[in-house]
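Enquirer: I would like to see how this sequence folds:
(chains A and B)
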There are 2 protein chains.
Amino acid sequence: MDIAILADAVERGERRAVARAITLVESARPEHRVQATELLETLARTGREAIRIGLSGTPGVGKSTFIESFGLMLVAQGLRVAVLAVDPSSKRTGGSILGDKTRMERLSRSPDAFIRPSPSQSHLGGVARRTREAVALCEAAGFDVVLIETVGVGQSETVVAELSDVFLLLLAPAGGDELQGVKRGIMEAADIILVNKADGDLKATAMRTCADYAGALRLLRRRPQDPDGFPKAMTVSALEISGLDRAWAEIRDLVDWRRAQGHWHARRAEQARHWFEEEVRQTLLAQLAQPKARSLMQSLSEQVADGQLTASRAAQDLFASLWPEMEQTKLPESLDATIDTP
Amino acid sequence: MDIAILADAVERGERRAVARAITLVESARPEHRVQATELLETLARTGREAIRIGLSGTPGVGKSTFIESFGLMLVAQGLRVAVLAVDPSSKRTGGSILGDKTRMERLSRSPDAFIRPSPSQSHLGGVARRTREAVALCEAAGFDVVLIETVGVGQSETVVAELSDVFLLLLAPAGGDELQGVKRGIMEAADIILVNKADGDLKATAMRTCADYAGALRLLRRRPQDPDGFPKAMTVSALEISGLDRAWAEIRDLVDWRRAQGHWHARRAEQARHWFEEEVRQTLLAQLAQPKARSLMQSLSEQVADGQLTASRAAQDLFASLWPEMEQTKLPESLDATIDTP
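Expert: Residues are numbered from 1 along each chain as shown, chains lettered A, B, ... in the order given. All right, here's what the predicted structure looks like:
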């Protein structure tokens, strides 16, 4: 495969090329990793930046309908929109691609939209790396907005929050007791809470829920990257397409303010540092998944479980056998013990 | 230092030797690590096992008073008791040793008790390894019960739960709303919830709180390692020394049942496997803290933040420079992409 040709096609915004490029960065095969790195470096020349919007919400809050309505509104304004899904629990196969496109049928038919379903499987830190690289490809392809959707299983919300410029939390109208269901960390990552389904019978409940969350947000510590009034809670109806334009206006205001204050650039730099360090850690830990390391670790693990070996000795044996050149010292500590014979 | 002599003294249960041995396993110096491993291997010959009791509870619930009263009761029954503290947030220095002993003054004066304050500092997975090895030393020294206390900051409760045979959660009497404060994961790790301060004015509240927690425990999924009626909630008063004998009887019943059913051995084997794998992971990640790795990582990190390098390329550069022999492939995946030129 000619990476230069693929890069050109991605840069021209050809959707099939973007899809192929994402498949390339998703591959774990060593030769594909080499090509993926080359592709990403080539495309870094474009210097293009999209607004990266992270979107979290548990199943049933109407996420697909929201993305469809919100995406179509952006497209109608002349913007190009990419939608990426992060779902570490996904065990879906080929059928899912149809599934993901079916659930956003009208948006997927728009020539200015690109929808990428979540890959069929994931492992370790792979989800983060693949999503991060897919976002970079969409930016290089000239999309104006990249929506990164998560179902909020495990660490996926943290991953998405660390990948986005603006983080939206989509919630359903609910009674007071159910407020507890939102994880504190996610609440703290949110820039805008959108209470969906503010329509029909649920409208009044949605407004009460919104007020409850607005109150909860005021209890959180103000972050430096927040202008007055942020984070905020709003009601929307993805079904009746109401409130979406207001939400988009708030997102743009927030982005403009952060750009002007330098927070935008600082945050992207911080995220880049974070992902680099995370990639190094994951690559290091992935060494333990190599066949030789796995089988040695398994046999030593059994001996430790049987009490034949202490954990420390087993760990030393493993390192001596696999990576004899590595130093096994821990971090320097303040505790420099002097130990005498009793 | 002669490790054989130290091992003999520990095996005879000499408290000063135990203290020195713990200082040795707490040290990060490479020569001390070698000696510590030798010491632990030598002492594995004793085959002694204590009942390891994990104890968690936020400040103010009366943990020190509980340990003092509970420990003195065990000593009065002819048992030898060791108390270890896990406090990853501790920045205390020499003064803390006095502090820790003062807060359990009577217990610390008993010749059948051994109290070890938390070390002055900690890092990465160091807390877990040191505590695990200190527990092994106390077992080899012939203590019948090892109490492992945590203040419940960060991951310390998980560490203690993974180190103990029986996990106690000490709580204060409280109104219904405050129930939410207990982290779900800790609730699920608890074998017995002890509502302390069931004395004086608080007695009625303590009993209501206990009933609330008993109700909450019934909502949790039954674990295979639980006999009928466990996990359970009980009231105690460490101040008036009431309920402690009943709590100890419950602990022994639980331990006897688990031993008879094979859960005791299975759990210890599982924990040993877990700690071995954790030690391997931490040793591997500690490579990044070596001076050469740190400085290279820092300079690459800045280039990634500036957009001069992609995260993937920077990670590849780092590995090529530090560990050229390592393979950088990720885990094999189901996704074996075939990618054509567009």
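Enquirer: quick one, strands of the stretch 1-150 of chain A?
Expert: Ranges of strands within the stretch 1-150 of chain A are A:51-56, A:81-86, A:113-116, A:145-150, based on DSSP state E, counting those that start in this stretch.
Enquirer: using CSV, please lay out those strands together with mean pLDDT and mean neighbour count.
Expert: Heads up, the C-betas are built off the backbone N, CA and C, glycines and all. Output for these, formatted as CSV (pLDDT from 0 to 100; neighbours: other C-beta atoms under 10 Å in any protein chain shown):
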stretch, mean pLDDT, mean neighbour count
strand A:51-56, 96, 24
strand A:81-86, 91, 26
strand A:113-116, 94, 24
strand A:145-150, 94, 26
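Enquirer: JSON lines for the ones you listed, including distance to chain B?
Expert: Formatted as JSON lines, the strands of the stretch 1-150 of chain A follow (distance: least, C-beta to the nearest C-beta, whole Å):
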{"stretch": "strand A:51-56", "distance to chain B": "15"}
{"stretch": "strand A:81-86", "distance to chain B": "15"}
{"stretch": "strand A:113-116", "distance to chain B": "13"}
{"stretch": "strand A:145-150", "distance to chain B": "17"}
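Enquirer: in JSON lines, list those along with distance to residue A:9.
Expert: As requested, those are arranged in JSON lines below (distance: least, C-beta to C-beta, whole Å):
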{"stretch": "strand A:51-56", "distance to residue A:9": "22"}
{"stretch": "strand A:81-86", "distance to residue A:9": "15"}
{"stretch": "strand A:113-116", "distance to residue A:9": "13"}
{"stretch": "strand A:145-150", "distance to residue A:9": "18"}
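Enquirer: so which of these comes closest to residue A:284?
Expert: strand A:81-86 (23.0 Å; C-beta to C-beta).
Enquirer: that closest one pairs with which strands?
Expert: When pairing is defined by DSSP bridges, strand A:81-86 lines up against strand A:113-116 (parallel), strand A:145-150 (parallel).
Enquirer: what's the first helix or strand after the longest one?
Expert: Once the chain leaves strand A:145-150, the next helix or strand it forms, by DSSP states H and E, is helix A:156-161.
Enquirer: ok so, going back, so which of the strands of the stretch 1-150 of chain A gets nearest residue A:174?
Expert: strand A:51-56 (15.8 Å).
Enquirer: what angle separates the closest one from strand A:145-150?
Expert: 20 degrees (axes from the mean of the first three to the mean of the last three C-alpha atoms, to 10 degrees).
Enquirer: how about low-confidence regions in the stretch 201-342 of chain A?
Expert: The stretch 201-342 of chain A contains residues with pLDDT under 70 at A:327-342.
Enquirer: so what's the residue count around the residue nearest to residue A:17 when sequence neighbours are not counted?
Expert: Nearest residue to residue A:17, sequence neighbours excluded (C-beta to C-beta, 6 or more residues apart in numbering or on different chains): residue A:9, at 3.4 Å. When neighbours are counted by other C-beta atoms under 10 Å in any protein chain shown, residue A:9 registers 19.
Enquirer: over to residue A:137?
Expert: Counted with other C-beta under 10 Å, residue A:137 comes out at 28.
Enquirer: how about the one 3 residues further on?
Expert: Other residues near residue A:140 number 25, with proximity taken as other C-beta under 10 Å.
Enquirer: any idea how far it is from residue A:12?
Expert: 10 Å (C-beta to C-beta, to the nearest Å).
Enquirer: cool, and residue A:258?
Expert: 30 Å.
Enquirer: tell me which of the two has more neighbours.
Expert: Set side by side, residue A:258 and residue A:12 show more neighbours around residue A:258, with 21 against 12, by other C-beta under 10 Å.
Enquirer: excluding chain neighbours, what is closest to that one?
Expert: In space, residue A:258 is closest to residue A:264, 4.4 Å off (C-beta to C-beta, 6+ apart).
Enquirer: next, the angle strand A:51-56 makes with the strand or helix carrying the one you found.
Expert: Secondary structure from DSSP H and E places residue A:264 in helix A:263-286. Here helix A:263-286 runs at an angle of 60 degrees relative to strand A:51-56 (the same axes, to 10 degrees).
Enquirer: centre of the chain to helix A:263-286, how far?
Expert: Taking C-alpha atoms, centre = their mean, to the nearest Å, one finds helix A:263-286 lying 13 Å from the centre of the chain it belongs to.
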